[in-house]
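> Structural data only, the sequence is not supplied:
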């Protein structure tokens, strides 16, 4: 292709297209698979349906840390905010039951 620069001189541009061998799939489809290398996009989707569990599945698909790359920046609060208040309450209840079980077992109260 021939082009003309702003200063009036001419030049040529060549373009080559290379085949790209890649595929995409959801975190549901990725469960149980190990991939190398893997490029992950964990930016919040338009539906807003991303949580720490989805991100964990995506990130843990790589065979090693050196084989995982992120496509773009993401909101790190998905790893620091609890995903669900009901789940947090359930976790507290289970921790309490675990502590009670340990006390009763140590006292021989079975």
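Cool, got the structure. Quantities reported herein were computed from a predicted structural model and do not represent experimental measurements.
> which residues touch residue 42?
By C-beta atoms under 8 Å, 6 or more residues apart in numbering, the residues touching residue 42 are 50, 54-55, 58-59, 70, 74, 78. C-beta here means a position set from N, CA and C on the backbone, and glycine is covered the same way.
> let's go with 7 Å and repeat that
Residues near residue 42 by C-beta atoms under 7 Å, 6 or more residues apart in numbering: 50, 55, 58, 74.
> which one of those is nearest residue 29?
Comparing the contacts of residue 42 against residue 29 with C-beta to C-beta picks out residue 58 as the nearest, at 10.9 Å.
> The closest one reaches residue 40, doesn't it?
Yes. Under the criterion of C-beta atoms under 7 Å, residue 58 makes contact with residue 40 at 4.8 Å.
> confidence score at residue 30?
Per-residue confidence at residue 30 stands at 69 (pLDDT).
> rewinding a little: with secondary structure added, can I get the contacts of residue 42 in a markdown table?
Shown next, in a markdown table, are those (DSSP: H, G, I helix; E, B strand; the rest coil):
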| residue | secondary structure |
| --- | --- |
| 50 | coil |
| 55 | helix |
| 58 | helix |
| 74 | coil |
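> now, the most widely separated pair of those residues?
58 and 74 (10.3 Å).
> Show me which of the two is the more surrounded one.
residue 58 (20 against 16; other C-beta atoms under 10 Å).
> helices and strands of the protein: which one bottoms out on pLDDT?
helix 27-30 (a mean of 68; mean pLDDT, DSSP states H and E).
> Any regions of this structure where pLDDT drops low?
Residues of the chain meeting the criterion pLDDT under 70: 20-24, 26-28, 30, 48, 83, 109-110.
> Endpoint to endpoint, stretch 71-84 covers what distance?
Length of stretch 71-84, first residue to last, C-alpha to C-alpha, to the nearest Å: 27 Å.
> wait, what's in contact with the residue most central in space within the chain?
Geometric centre of the chain, nearest residue: residue 55, 3.1 Å, by C-alpha atoms, centre = their mean. Residue 55 makes contact with 42, 78-79 under the criterion C-beta under 7 Å, 6+ apart.
> top helix in the protein by residue count?
helix 85-106 (DSSP state H).
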